[in-house]
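Undergrad: based on what follows, work out the 3D shape:
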Amino acid sequence: MRENAKSIYMIVNRKRWSMKEILHVGFDVGSTTIKIVVLDKNEKIIYSKYKRHFSDIKSSIKELIEEAYNEFSESYITFKVSGSGGLAVSERLDLPFIQEVIACSLAVEKFIQYKGME
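TA: Numbering: from 1, shown residues only. Here you go, the predicted model:
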């Protein structure tokens, strides 16, 4: 089953429904570095890291995923990938891609209040 950014998954545990914590993971795959950020349900940053990939994107992503997994293996996650190298990564890993300018525009709309621009 493919997970996407809007999916919420529940598990059955002895005839009771319980919901695991849902975290949101973002990758920014750039020309020289890869950044990962993990947000909690309130969209607060609870983990972030960057790594220079020295043109070895595959190994660098694997390392960052393993490190984050060690911290959050008990949670359900959603993913988004962005950046100049992000489209290839999202296709390879079957993860949703968001264009960088769109992601930045959404963040500005959500987190920055304009004054005098009515």
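Undergrad: from here on, just use CA atoms for contacts and neighbour counts.
TA: Noted.
Undergrad: which residues touch the spatially closest residue to Ile22 that is not a sequence neighbour?
TA: Spatial nearest neighbour of Ile22, excluding adjacent residues (CA to CA, 6 or more residues apart in numbering): Tyr76 at 4.8 Å. Tyr76 makes contact with 9, 20-23, according to CA atoms under 8 Å, 6 or more residues apart in numbering.
Undergrad: kindly report the same for Ser48.
TA: Taking CA under 8 Å, 6+ apart, one finds 35-38 in contact with Ser48.
Undergrad: what helix or strand is it on?
TA: The secondary structure element spanning Ser48 is strand 45-52 (assigned by DSSP states H and E).
Undergrad: chain center to that strand, what's the gap?
TA: When C-alpha coordinates are averaged (CA atoms, centre = their mean, to the nearest Å), strand 45-52 and its chain have centres 11 Å apart.
Undergrad: try stretch 48-66
TA: Shown here is stretch 48-66, whose average C-alpha point lies 14 Å from the average C-alpha point of the whole chain (CA atoms, centre = their mean).
Undergrad: now it: buried residues?
TA: 51, 53, 57, 60-61, 64 (16 or more other CA atoms under 10 Å).
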